[in-house]
Each structure stands twice: as C-alpha cells, then as structure tokens.
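> This is a predicted model, with the sequence first.
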Amino acid sequence: MPAITAAKPPVPPPAAARTTLAALSAAAAEPAGAPPRGLLAAALPPRAEPQAQPVHELGPLAALLNLAPAAPPALPLGLPPGLPPAPRPAPPAEPAAPSGGLLSFLAQQAPPQPAPAIWEGPLLSALGAAPLQPPQAPPTPEAPISEAPLPGPAPAQALASAEAILASKPVLKSAAQAPVPPSKPRLAPPAKPAEPDADPLAPAQIAAAYEAVHGSAMPAEAAGDGADWLGLARSLDEAKESWRALFLGASQADLPLAGALAARGRGLAPVLHATESHPGNFRRLLAALEAKGLQAGETRLLQAAVTTDPDSLPPGGALVQGLLERQEAWDYVRVSGPRVIGGLLKRAQPLLDARVRWMMLRLETRAQEAAAIKGLGAAKWKLVAERPARLQPGLPVTTAQPGIQLWRGPLA
C-alpha cells in the first residue's frame, strides 16, 4: 500500500529521521563484504525539493486525527541486497494529551489567542483536515412566555378568599395608631355665632318684624310696607326708657301710630313728631292718634312743608334742622319727601350723625341712592337693608316704586 502523505505545504523531516537517512547513505557507499560500521551522524546534502513526510512520523497526532497508519519508508537506492536495514530510532515520546483533548493541550502550551486563531491555525490547514468546531452546550429549551393578565377587578372568589384570610389574622396596632392619653382635658369648641340672614327684607324677616311691632300675624295688605316694619322693630329693640321718632312726610297714620302703641306696650314713653303738608292726610293722622288715646305731650303734629334751605322756606314751613334739634337723640327718623333728602345730606349731615340712631330713607332716583350711600357711608353709618327703586322702562326719570335704605347711625 502506498504511503499516505500529508497535504501541502510539506513538513521538513525531524532530526531523528535525518540521522537515520545519513547512516543509510554511508552504509551504501561501503564496499561489498566490508563489516558494517556504526551509525554516524552526517549532514544531509541540500535537496532541491523536500520530500513529503509520512504520516506515521507524526505519532500520536495521526491517531488523534483518526488517520490510517503509513507504510515504512522505502530503502534508498544502491543498498546492497541482503543488508538488513538499519534499526529505526524510536520517535521522541510526545507528552500525553490532556483529557480535554488536543485543543485543551494546545491551549496550555501556547499563549491565549482569540478563538478564530486556535481553531483555524496553520497546523490543521497543513493536515488538510476540516477545522474543528468548539464544543457547544445543548440549547436550553425556553419556557413559554405567558401574557400578563390585564388589570381589572379581581374575581369574586379571590376577593372572598382574601377577605377571609385578613379576617382570620389579628391586626396589630402600631405605636402611631395607639391612642395617646391627652395631657389635659379637651375643651368643647366654641359655638359658632348664628349667621345673619342674607336678605333682611325676606318675607320671613318682614313677617317677624310685623309681629314684633303689632303682636299679631301680618296680613297680606301690610306686606307693602315691609321695610318700615323692619325699621320700627329694630329701633324699638334698642330704645331705652322712651321711644322718640320723627316722621318727615307722614302721609299715612298706620306707621306712626303702630310705633307709638308698640312703645307704650313695652313700657316706653312714646314721643312722636310728624309733619304732613297735605290737609286731608293730616286730618286722618290726627284723628287716628286721638282715637288711640295718645295725649298732646306724647305727640306733636305739624301741618307744614319742610325744607333744609332757609332761603327757599315757604310761608308756614319748617326747617328740618330745627326739628332735629328738638330732641337730644332720635331713636327713629323716617324721611319720605323726595326734595328733602338731597338737602338733608348736604346741610344736616352733622345733626344726623350726632342725634339719630336709626334712619329710613325713601328714595325716588338713582342719584339720591348714590348720594346717600356716599355721604352716610363716609360718616360710618351702616347700611342694614336696601331695595333699589324700580324705574319705568320707557321713562327712567319716573319711578314706578320708590326704593328704601335702612341705616344704623354711629350713635346706636
């Protein structure tokens, strides 16, 4: 069988092979019949082309690569027949490959190199063998990925189980939840004051004021004078020993008479002053007061026109300033003359501030309302209730219903 030779590039023979070949060449040059001499080491002549190395010289490497054993080398030409071949020296013993195989042995002898250089080096290329692949671990089967449940309400059975578990576990209170005994007894919070009614002129407030003045329920026809009932009730509540009232333009007798009788019923001495320029209204007012038994000292009625301007005082008229000076203090003043209010705020403002506790104004125009708010508000009067005048849509200078303003003066 021909020898199996390695693939190109050729590998030079090892030193032992060269020594054997040199000895064989020297024996061939000896004459016939000469005794054989010992093997001498001689240098090989230069050869034009190196011979391929048999694979059996590779020793264990061929066995590791599962290669077939090679035939022994042929004797060189010119060897006499019958001459036994020279003993072939044993190849140098190679270190046993580690249990990990050739690759682990090479990895221990050579410095660490990148993986491609180890597996695809020139040694395996020279042997014509396919590059060895690194050992690979068997793939680990991946567990199927389960989709996360969408957020939503827990099933009723799971909720019931969770509630049962929580109910069976004792709940321990932390130190922060433990009740701490108070260092001193807690006091009850002060009672909040009753909030005043948002609208003092509400029907319930007016009905209560009428009952406080008359001592009976308010009839339906008396609801038109609702603000006047509120003013009379407030002034009577704050009056002491006497109730002094001044009506400038008392066209109707029911308001002055109701106030005087209510004061008498509360044990207050009524002092009533009223002016009325219309003769018919004045006679009705006088008859009503006499019918209720009011004496001359308790009332003073004046049938005359009033004004605050001395230059425009009509014959038989009276100045408002003079009427205010008749009493040191007035518990209630009611002004209904449209031409009196403007002059009263201009010329009698100091008397109003010093002598009047409660004052009711009946206003005919928006200008009068604005003047009263500006003048009395600057003098520290308090607006208790108000209802603006209702004007005619087609004639704004004409008043369909007068407005009212109830003021509490600084003297109160």
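Now that the structure is in, tell me what you want to look at. Numbering: from 1, shown residues only.
> Show me where the chain dips below the pLDDT cut-off.
Across the chain, the ranges flagged by pLDDT under 70 are 1-18, 20-198, 296.
> And the strands in the protein, which stretches?
242-248, 269-275, 299-302, 306-307, 318-319, 332-335, 358-363, 382-387, 390-391, 399-401, 403-408 (DSSP state E).
> For the last one, which helices and strands make contact with it?
Going back to what we said before, that points to strand 403-408. helix 226-238, strand 358-363, helix 366-378, strand 382-387 (3 or more C-beta pairs under 8 Å, 6 or more residues apart in numbering; DSSP states H and E). For every residue, glycine as well, the C-beta is placed using N, CA and C.
> now what about it, what contacts it?
Contact with strand 403-408 is made by 200, 227-228, 230-231, 234, 357-364, 369, 372-373, 376, 381-390, as judged by C-beta atoms under 8 Å, 6 or more residues apart in numbering.
> What pairs with that strand, parallel or antiparallel?
Here strand 403-408 is paired, per DSSP bridges, with strand 358-363 (antiparallel), strand 382-387 (antiparallel).
> Same question for the third one.
Looking at strand 299-302 with DSSP bridges, its partner strands are strand 269-275 (parallel).
> Repeat that for the fifth one.
Pairing partners of strand 318-319, with direction, according to DSSP bridges: strand 306-307 (parallel).
> So what touches the partner strand?
Contacting residues not belonging to strand 306-307 are listed as 248-249, 275, 277, 313-314, 317-320, 323, 337, 339-340, 343 [C-beta under 8 Å, 6+ apart].
> Could you rerun that using 10 Å?
If you take C-beta atoms under 10 Å, 6 or more residues apart in numbering as the criterion, strand 306-307 is touched by 248-249, 275-277, 313-314, 317-323, 335, 337, 339-340, 343-344, 347.
> Narrow those residues to those in helices?
320, 321, 322, 323, 339, 340, 343, 344, 347 (DSSP state H).
> and the helices and strands packed on strand 403-408 as a markdown table, adding distance to residue 409 and mean neighbour count?
Shown next, in a markdown table, are these (distance: least, C-beta to C-beta, whole Å; neighbours: other C-beta atoms under 10 Å):
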| stretch | distance to residue 409 | mean neighbour count |
| --- | --- | --- |
| helix 226-238 | 11 | 22 |
| strand 358-363 | 6 | 23 |
| helix 366-378 | 8 | 15 |
| strand 382-387 | 8 | 16 |
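> out of those, which comes closest to residue 281?
Closest approach to residue 281 among these is made by strand 358-363 (15.2 Å; C-beta to C-beta).
> What would the closest one look like as CSV? C-alpha coordinates only.
The C-alpha trace of strand 358-363 is given here as CSV (Å, rounded to 0.1, in the frame of the first residue of the first chain):
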residue,chain,number,x,y,z
TRP,A,358,-81.9,104.6,63.0
MET,A,359,-83.0,106.2,59.8
MET,A,360,-85.2,105.1,57.0
LEU,A,361,-85.0,106.8,53.6
ARG,A,362,-87.5,106.5,50.7
LEU,A,363,-85.6,107.4,47.5
